[in-house]
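Engineer: Structure, please.
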Amino acid sequence: MDDQKLRNFYLESQVKNASPGQLLIMLYDGLIQHAETADAEISSPEIIRDPSSASRAVTRCIDILTELNTCLRHNIEPALCATLSDLYLFFTREFSQAFDQRESKRIRAILPLIRDLRGAWFEADRRSNKFQPDPVAAF
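Structural biologist: Have a look, this model is predicted:
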């Protein structure tokens, strides 16, 4: 099995075995990773000649934000979901404008907010799992 197939198998296995909270954190991790790439690519003088890698990174960020927005359950927590939806739309606009205007500072401005959200979801997932019964201890 080559390295890419092994990596894909590992990632697929991780996703299939992840809890909803872990999946959410994976999405945020991907968003952060692609945002950092987009920042670096937009900052690069090479973007003038070939904007494709910056475009791919920004597109991936927007795809992840769209997925995060789509997964919101407005019927359960309407106020929180409305706030998160507004944030996701704001982030989407910032990524789009950062690319269109070649202003990576827009990405650097929102990255701390995205990292804070990821940290909050990580903590919420950690706390919710803390109160789950240990399946191993049941035996």
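Engineer: Just list the residues touching residue 111, thanks.
Structural biologist: For residue 111, the contact set (Cβ atoms under 8 Å, 6 or more residues apart in numbering) comprises 32, 35-36, 39. In short, each C-beta sits where N, CA and C put it, glycine included.
Engineer: Let's see if you can find the most crowded of these.
Structural biologist: residue 35 (26 neighbours; other Cβ atoms under 10 Å).
Engineer: ok, back up a step: reformat the contacts of residue 111 as CSV; add secondary structure and distance to residue 50.
Structural biologist: Below are the contacts of residue 111 laid out as CSV (DSSP: H, G, I helix; E, B strand; the rest coil; distance: Cβ to Cβ, whole Å):
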residue, secondary structure, distance to residue 50
32, helix, 24
35, helix, 20
36, helix, 19
39, helix, 17
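Engineer: ok, the residues you listed vs residue 120, which is closest?
Structural biologist: Of all the contacts of residue 111, residue 120 sits closest to residue 32, with 13.6 Å by Cβ to Cβ.
Engineer: Output the contacting helices and strands for the helix or strand harbouring residue 25.
Structural biologist: Under the criterion of DSSP states H and E, residue 25 resides in helix 20-43. Helices and strands touching helix 20-43, as assessed by 3 or more Cβ pairs under 8 Å, 6 or more residues apart in numbering; DSSP states H and E, comprise helix 3-16, helix 52-70, helix 78-101, helix 105-130.
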